[in-house]
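Novice: All I have is the shape, not the residue letters:
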């Protein structure tokens with residue numbers, strides 16, 4: 001007679017470990033912040049193209065001493081400063097939450113490209129602050145022409161790196 005603990009009987013399956021709750025990389029609330037970031041970024045982009053065009057045409061006509069920096073240009077420059085400052089809070093809020101949601105994802109390539117994208121974006125924001133001149137905060141002002149020139153070119157070129165890194169980030173992601 002066979003005993004109840006006979007080896008011919010299949011063993012009871014081990015209980016499944018509790019599954020970790022899936023956290024979306026960009027949830028519904030964060031998506032609202034992302035839309036605000038995209039809107040501000042689009043406005044900054046169009047504004048930047050205008051400012052760059054004026055700078056380029058002044059560079060072309062530098063021998064003639066022509067200036068295209070009229071009142072409209074000055075308002076656009078002021079708009080660039082205001083939009084850049086307004087952009088900071090939603091941009092940082094989105095990125096901090098997004099990084100916390102995705103830091104432990106298995107797709108390490110997307111995560112690391114995202115980190116580099118965030119770093120390049122911080123270069124854009126940081127150089128924007130370096131280039132600002134605020135009355136009463138002269139101690140923050142970079143007065144060295146070589147330092148201002150380096151900050152200017154980093155501020156102009158870093159967004160191009162951001163676009164490239166964003167494309168890589170999206171290609172690496174789902």
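Specialist: On my side now, so go ahead. A quick note: this is a predicted structure, and the numbers were derived from the prediction, not measured. Numbers count the residues shown, from 1 in each chain.
Novice: Every contact and neighbour count from this point should use C-alpha atoms.
Specialist: Will do.
Novice: Low-confidence stretches in this protein?
Specialist: 1-12, 22-23 (pLDDT under 70).
Novice: Spatially central residue in it, please.
Specialist: Central residue of the chain (CA atoms, centre = their mean): residue 121, 4.4 Å from the mean position.
Novice: Would you mind measuring from that one to residue 133?
Specialist: Per CA to CA, to the nearest Å, residue 121 is found 21 Å from residue 133.
Novice: Touching, residue 30 and residue 94? I think so.
Specialist: Yes: taking CA atoms under 8 Å as the definition, residue 30 is a contact partner of residue 94 at 6.5 Å.
Novice: Look up how far residue 145 lies from the residue nearest to the centre of the chain.
Specialist: 23 Å.
Novice: for the protein, what spans make up the helices?
Specialist: Assigned by DSSP state H, the helices in the chain fall at 28-60, 71-102, 108-131, 145-172.
Novice: Please identify the most buried of these.
Specialist: Across these, averaging neighbours per residue (mean count of other CA atoms under 10 Å) puts helix 108-131 on top, at a mean of 18.
Novice: Show me what it is packed up against.
Specialist: helix 71-102, helix 145-172 (3 or more CA pairs under 8 Å, 6 or more residues apart in numbering; DSSP states H and E).
Novice: Show me what the last one is packed against.
Specialist: The one in question is helix 145-172. helix 108-131.
Novice: Between helix 145-172 and the helix it packs on, find me the angle.
Specialist: 150 degrees (axes from the mean of the first three to the mean of the last three CA atoms, to 10 degrees).
Novice: ok, residue 80 - contacts?
Specialist: 44, 47, 48 (CA atoms under 8 Å, 6 or more residues apart in numbering).
Novice: What separation is there between the last one and residue 63?
Specialist: This points to residue 48. On the measure of CA to CA, residue 48 and residue 63 end up 24 Å apart.
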